[in-house]
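Participant: coordinates only, no sequence provided:
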């Protein structure tokens with residue numbers, strides 16, 4: 001909105017797998033952009049996406065009005081900025097704040113609206129859904145992670161330390177970015193622009209396979225400014241030499257291969273769970289849904305089903321003859337002599353022995369599923 005000089009301290013520091021930046025959103029402000037830069041962009045017929053940021057909801061709204069009046073074709077909302085009226089909570093870390101922000105911008109701006117998602121959240125899926133529901137045309141993922149670097153120097157028996165904190169980016173965040181795109185692709189209907197550690201054509205193809213419709217190049221440009229142009233050329237050559245009609249066909253094939261590989265993994269997981277289902281009464285639909293969602297048997301919903309089965313004291317049924325020893329261990333159920341003196345256990349002792357046998361079976365099943373039974377609140 002307004003001109004920013006940026007931070008005075010060290011702005012960029014290189015790490016072993018990327019860099020940390022603390023530039024401070026240096027820019028000339030919207031008025032200078034409109035008077036000096038926009039005419040050049042239009043004269044040269046340069047397509048661009050305008051990234052906007054603000055510290056209050058009203059600043060975002062005002063910027064979106066200006067973009068609409070000046071017919072800016074596409075804007076990207078940087079929602080990692082602190083909302084000074086909400087205790088400096090970042091807009092993008094709270095789904096309700098994000099929904100209010102995006103829906104307010106959508107009312108004023110009719111062009112293509114992209115929301116840049118932060119990875120510094122518990123559920124990026126919920127944040128993405130809030131952006132989609134509020135009217136975003138696409139999301140870009142991911143923005144930088146919070147990071148810090150410490151530089152130490154020793155001289156004359158003294159240690160000097162300098163710390164730089166800011167946004168961590170580069171090749172080191174690529175697995176996190178791929179994970180975010182994968183998860184978002186399962187819940188969103190709008191396009192995803194993949195960001196994070198992209199340096200090579202292989203990186204680009206991996207993001208396409210994860211569900212991205214396009215990619216952004218950031219940190220690689222600092223060391224190799226020609227990266228974006230080089231990757232466009234390499235991608236075009238790859239499409240031609242490998243017999244694809246166009247980029248859309250390549251992406252479709254790439255996603256299909258990923259889904260096929262994912263399907264094989266799901267089938268194996270389903271078989272494993274199906275064999276365990278014989279020994280405990282749980283909500284099978286919840287289990288299969290968890291697997292199909294790609295989260296496996298450690299899904300919270302599945303764990304809740306197991307605990308519910310135990311809490312409700314549902315009968316644990318075992319296959320008498322075919323049970324594996326590690327799933328249905330033999331449990332000694334004899335009790336001491338009962339009060340009648342006939343050598344038979346009392347009803348109370350029988351109940352305790354049966355409860356112990358059930359607990360042992362339950363713990364064995366939980367262990368076979370990969371849980372630690374002593375950490376589960378039975």
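Facilitator: It's in. Since we're looking at a predicted model, the values are computed, not measured.
Participant: state the mean pLDDT of stretch 66-75.
Facilitator: Here stretch 66-75 scores 95 as its mean pLDDT.
Participant: residue 135 and residue 106 touch, don't they?
Facilitator: Yes - Residue 135 sits in contact with residue 106 when judged by Cβ atoms under 8 Å, with a separation of 3.6 Å. All C-beta spots, glycine's among them, are computed from the backbone N, C-alpha and C.
Participant: give me the common contacts of the two.
Facilitator: Here residue 135 and residue 106 share the contacting residues residue 113, scored by Cβ atoms under 8 Å, 6 or more residues apart in numbering.
Participant: helices of the stretch 1-150 of the chain, start to end?
Facilitator: Assigned by DSSP state H, counting those that start in this stretch, the stretch 1-150 of the chain shows helices spanning 30-32, 38-43, 57-69, 95-108, 124-133.
Participant: any idea which of those helices is most buried?
Facilitator: Between the helices of the stretch 1-150 of the chain, helix 124-133 has the highest mean count of neighbours, a mean of 21, where neighbours are mean count of other Cβ atoms under 10 Å.
Participant: quick one, that one and helix 95-108 angle?
Facilitator: On the basis of axes from the mean of the first three to the mean of the last three Cα atoms, to 10 degrees, helix 124-133 is oriented at 20 degrees to helix 95-108.
Participant: helices and strands around helix 124-133, which ones?
Facilitator: Using 3 or more Cβ pairs under 8 Å, 6 or more residues apart in numbering; DSSP states H and E as the contact test, the elements touching helix 124-133 are helix 95-108, strand 138-141, helix 174-187.
Participant: please redo it, this time with the cut-off set to 6 Å
Facilitator: helix 95-108, helix 174-187 (3 or more Cβ pairs under 6 Å, 6 or more residues apart in numbering; DSSP states H and E).
Participant: between those, which gets nearest to residue 229?
Facilitator: Closest approach to residue 229 among those (Cβ to Cβ): helix 174-187, 20.7 Å.
Participant: please tell me I have it right and residue 220 contacts residue 199.
Facilitator: Yes - the criterion here is Cβ atoms under 6 Å, and residue 220 meets it with residue 199 at 4.6 Å.
Participant: settle it for me: which of those two has more neighbours?
Facilitator: For residue 220 versus residue 199, the count of surrounding residues by other Cβ atoms under 10 Å is larger for residue 220: 22 against 17.
Participant: dump the residue contacts of that one.
Facilitator: 199, 227 (Cβ atoms under 6 Å, 6 or more residues apart in numbering).
Participant: how about 10 Å then?
Facilitator: When contacts are counted by Cβ atoms under 10 Å, 6 or more residues apart in numbering, residue 220 touches 18, 169-171, 197-200, 203, 226-228, 230-231.
Participant: roughly how far does it sit from residue 197?
Facilitator: To residue 197, residue 220 is 8 Å away according to Cβ to Cβ, to the nearest Å.
Participant: on that earlier part again, closest one to residue 140 among the helices and strands packed on helix 124-133?
Facilitator: helix 174-187 (10.0 Å).
Participant: average pLDDT for that closest one?
Facilitator: 95.
Participant: and that helix with helix 124-133, angle?
Facilitator: Compare the direction of helix 174-187 with that of helix 124-133 by the same axes, to 10 degrees and you get 50 degrees.
Participant: hmm, who's touching the next helix-or-strand element following helix 174-187?
Facilitator: Sequence order places strand 192-194 as the next helix or strand after helix 174-187, per DSSP states H and E. Outside strand 192-194, the residues within contact range by Cβ under 10 Å, 6+ apart are 49, 76, 114, 116-117, 128, 138-142, 174, 177-178, 180-182, 184-185, 203-204, 206-208, 210-216.
Participant: same deal with stretch 23-32?
Facilitator: 1-9, 11-12, 33-38, 50-53, 59, 62-63, 66-67, 70, 78, 80-81, 166-167.
Participant: format the helices of the stretch 1-150 of the chain as CSV; extra columns: distance to residue 248.
Facilitator: CSV is the format used below for these (distance: least, Cβ to Cβ, whole Å):
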stretch, distance to residue 248
helix 30-32, 36
helix 38-43, 28
helix 57-69, 29
helix 95-108, 27
helix 124-133, 22
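Participant: and the ones you listed: which comes nearest residue 347?
Facilitator: helix 124-133 (51.3 Å).
Participant: average model confidence for that closest one?
Facilitator: 96.
Participant: please apply the same query to stretch 25-43.
Facilitator: Averaged across stretch 25-43, pLDDT comes to 91.
Participant: count of neighbours near residue 194?
Facilitator: Every residue meeting other Cβ under 10 Å relative to residue 194 is counted, giving 28.
Participant: circling back: put the buried members of the contacts of stretch 23-32 into a PyMOL selection.
Facilitator: Paste this into PyMOL to select the buried members of the contacts of stretch 23-32, with burial taken from 16 or more other Cβ atoms under 10 Å:
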select buried, resi 1+33+34+38+50+52+53+59+62+63+66+67+78+80+81+166+167
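Participant: done for today, thanks.
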